[in-house]
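> fold the following for me, if possible:
(chains A and B)
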Number of protein chains: 2
Amino acid sequence: MLKFINGGVCAAQGFMAAGIHAGVKTHAEWKKDVALIVSDTDCAAAAMFTKNAVKAAPVLLNMQHIANGRARAVIANSGNANACAPGGEENALRMCAAAAKLIGCAAADILVCSTGVIGQRLNIEAIESAVPELYEALERSDAGSDAAGHAIMTTDMVKKEAAVETVIGGRTVRIGGVAKGSGMIHPNMGTMLCFLTTDCAISSDMLKSALLDAVRVSFNRISVDGDTSTNDTCCILANAFAGNEFIDAHSESYDAFVSALKVLCTDLARKMASDGEGAKHLITCTVSGASSESSAETIAKSVISSTLTKAAIFGADANWGRVLCAMGYSGESFDPNAVSVRFASAAGNITVCDKGRGLDFNEDLAKKILTEHDVEIIVSMGEGAGVCTCWGCDITYDYIRINGDYRT
Amino acid sequence: MLKFINGGVCAAQGFMAAGIHAGVKTHAEWKKDVALIVSDTDCAAAAMFTKNAVKAAPVLLNMQHIANGRARAVIANSGNANACAPGGEENALRMCAAAAKLIGCAAADILVCSTGVIGQRLNIEAIESAVPELYEALERSDAGSDAAGHAIMTTDMVKKEAAVETVIGGRTVRIGGVAKGSGMIHPNMGTMLCFLTTDCAISSDMLKSALLDAVRVSFNRISVDGDTSTNDTCCILANAFAGNEFIDAHSESYDAFVSALKVLCTDLARKMASDGEGAKHLITCTVSGASSESSAETIAKSVISSTLTKAAIFGADANWGRVLCAMGYSGESFDPNAVSVRFASAAGNITVCDKGRGLDFNEDLAKKILTEHDVEIIVSMGEGAGVCTCWGCDITYDYIRINGDYRT
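Below is the predicted model of the structure:
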């Protein structure tokens, strides 16, 4: 019954979105840099933020604004992270106030996010001047989601949006979202910017629980470069427009909602990993037979985070020794002599290591498999029943080019 | 009284070394690939090994051979790591046996190390055939150290050797060594291959204690790529030829020995970081004013390991926000509003962040400072008296090139 639908962050009933160029990004006037997502009514809301000790000003402000479990809208800018920046707290609050004035709610009902360069003063005047035009541009359609999705991009090559539809208690419920990567991605709790909306009728507490659960198996299982950002934020607004029986406890309906949210978040997380800075490959690592799910996760994350493994995949080089090396320094203990490693993609699959020892394998086939965009590293541990999948990307010349001179 | 001298691993009295081409490296006949370091007599010995759960066969064998705190010689090959390789244990033992036969000692008196590709069978026949020629080539001179230093290189661009001389209890004592990097470098205990020799008269226990102490502040404070290798080994042989009063307890003599060993190991560790795969810059990060030395170390290591910071230094981009970001996800808690950051090099120095906020700074000067080969990131925390320096390198196009196709 669960299916993907169009509409992104506007797919759920009663949500509008917009994105325009305000002037935060000074080098390209055609680049949108401010987004607004608004619900027709007050919403139950939940959010997760970076665990980085250095938190951007909007993150600190959101922690206050989300405390009551309610929110009405999200305003966000790209081009400047408003982290370690002079006047950061004041400017974050001014963004909320500007949006609240037009929407007709309190500034504390607005969540605010920024992404971009760290340490430079935010051009708040440009944003304040642009908010009326941004508000006017709000649309309940693909176009609204598309504009908001574009307005939060930094080094992202592609816009990331998705939406799903499911049936809960006989009612059609929709969840949609927009998200952005694509560098400083190594989630620890909520990650990056991801704005989710749903018309599900659900309490703030259950919404928070669902978000924690979904983020744990999606955004917290990707890595682009091992750097956990100062601005990571994942939030969800639920306006109850679907008319389903109110979810305020663990139930079949709650489970259906969490399942749908997991599918949606996993799709967006994969899109983030796939569009990692400079990436030419999406790397999916599945570890099975580990002593526990948590052990499988630690090991899979170590593999997709290994710079040497990432470089090998960039070169389509079946250098599985680096996979074992990364497993070994993950901090988990296991018997290396029980490990097998397989590479797979649309071009086929090949076992390269069995019981911890290298096999003679067809190098041409391995090259062909690893030349595909989506490649899988499948590890079997022989320890227990723990399974986990994590996603990452390769490291490329373009990653170095992009990050060698990001500020200018 | 402490000074650097020539002679490398042959600087201490009573040590010989050699390096020749045996045929493990098949693609370049002029590349040395097997090294031998021999003491004239039995030595007190100590060693530290990788904490990677996947340990190479020679590492596992060395753990047995070093158990009695004695050793006579070290044999090592490059071009193959003998890790996860068929017949690994047997081949590691055969290397020891081949050397022991000519030296006239037990195989258990030999330490053996391998470095290179993981997962492929070691060409032990080539090594066994070459050992007689290797033994004949032993020299007590710069040339011997030079040959051994070259024979353990893999992707290293420069040979790494150093030696120091000091006076202990009225006697001249020398310590020297050869080492190799330059990828899969993110030490956790002993790191990489580093072979140290000394003519100091010292017990195995005190030698082990000195090695632990020296490695902690040198090799364990560098990172090239975040990948802790399967083969890391740092060992030291002490043959007592200096004739100093035997060191078998903590004393002034012991302290003098540890001081000299720290200076030597730090020099070799810096050389490793400076010659990291593809590196164009040596990055030195000093954190002061932290709550403790250990906190300063965690934070400094997080900064030099950050892929984004490394890419910024490659681009000579004073993107200090990435430094704060890396500090923030180090796991240490601190007040971001008390942090200041300064960049320095032979071209000058510039403060870019004060009390957690960006300063307006001269971008041209910053560029000039960061264009130097040796750059320093100087962080002040305002928390306490903890200080630590760690070393790393930038990430470059060459790193990607080298590691995109390492096996072939």
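
> buried set for the single longest helix found in chain A?
Looking across chain A with DSSP state H, the single longest helix is helix A:252-274. Taking 16 or more other CB atoms under 10 Å in any protein chain shown as the basis for neighbour counts, the residues of helix A:252-274 that come out buried are A:253-254, A:256-274. C-betas here are computed from N, CA, C, even on glycine.

> show me which of those residues neighbour chain B.
Among those, none lies close to chain B by the criterion of CB under 8 Å from any CB of the partner chain.

> and the longest strand that chain A contains, what other elements does it pack with?
Secondary structure assigned by DSSP state E gives strand A:34-49 as the longest strand of chain A. The helices and strands touching strand A:34-49, judged by 3 or more CB pairs under 8 Å, 6 or more residues apart in numbering or on different chains; DSSP states H and E, are strand A:15-20, helix A:57-65, strand A:70-80, helix A:124-136, helix A:142-151, strand A:193-198, helix A:204-216, strand A:233-238.

> report the rounded mean pLDDT for the longest helix of chain A.
What helix A:252-274 shows for mean pLDDT is 92.

> that one: what's the following helix or strand?
Towards the C-terminus, the helix or strand next in line after helix A:252-274, according to DSSP states H and E, is strand A:282-290.

> within the sheet, what are the partner strands of that next one, with directions?
Under the criterion DSSP bridges, strand A:282-290 sits next to strand A:374-380 (parallel), strand A:386-393 (antiparallel) in its sheet.

> residues in contact with residue A:201?
Applying CB atoms under 8 Å, 6 or more residues apart in numbering or on different chains, we find residue A:201 in contact with A:238, A:240, A:242, A:243, A:244, A:245, A:246, A:247.

> adding neighbour count and pLDDT, write those out as JSON lines.
Converted to JSON lines, those look like this (neighbours: other CB atoms under 10 Å in any protein chain shown; pLDDT from 0 to 100):
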{"residue": "A:238", "neighbour count": "29", "pLDDT": "95"}
{"residue": "A:240", "neighbour count": "21", "pLDDT": "94"}
{"residue": "A:242", "neighbour count": "24", "pLDDT": "94"}
{"residue": "A:243", "neighbour count": "15", "pLDDT": "93"}
{"residue": "A:244", "neighbour count": "21", "pLDDT": "95"}
{"residue": "A:245", "neighbour count": "12", "pLDDT": "94"}
{"residue": "A:246", "neighbour count": "15", "pLDDT": "95"}
{"residue": "A:247", "neighbour count": "28", "pLDDT": "95"}
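
> out of the residues you listed, which is nearest to chain B?
Chain B has its nearest neighbour among those in residue A:238, at 30.2 Å by CB to the nearest CB.

> got the contact list for that closest one?
The contact partners of residue A:238, by CB under 8 Å, 6+ apart, come to A:43, A:44, A:45, A:197, A:198, A:199, A:200, A:201, A:202, A:207.

> get me the contact residues on the stretch 151-300 of chain A for chain B.
Looking at chain B, the residues of the stretch 151-300 of chain A close enough under CB under 8 Å from any CB are A:183, A:184, A:186, A:188, A:225, A:226, A:227, A:228, A:229, A:230.

> filter these to the buried ones?
Neighbour counting by 16+ other CB under 10 Å classes A:183, A:184, A:186, A:225, A:226, A:227, A:228, A:229, A:230 among those as buried.

> let me have the strands paired with strand A:282-290 in CSV, extended by mean neighbour count and mean pLDDT.
What follows is the strands paired with strand A:282-290, written out as CSV (neighbours: other CB under 10 Å; pLDDT from 0 to 100):
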stretch, mean neighbour count, mean pLDDT
strand A:374-380, 19, 97
strand A:386-393, 24, 95
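
> these: which one's closest to residue B:111?
Set against residue B:111 and scored by CB to CB, the strands paired with strand A:282-290 come closest in strand A:374-380, at 31.9 Å.

> distance from the chain centre to that closest one, please.
21 Å (CA atoms, centre = their mean, to the nearest Å).
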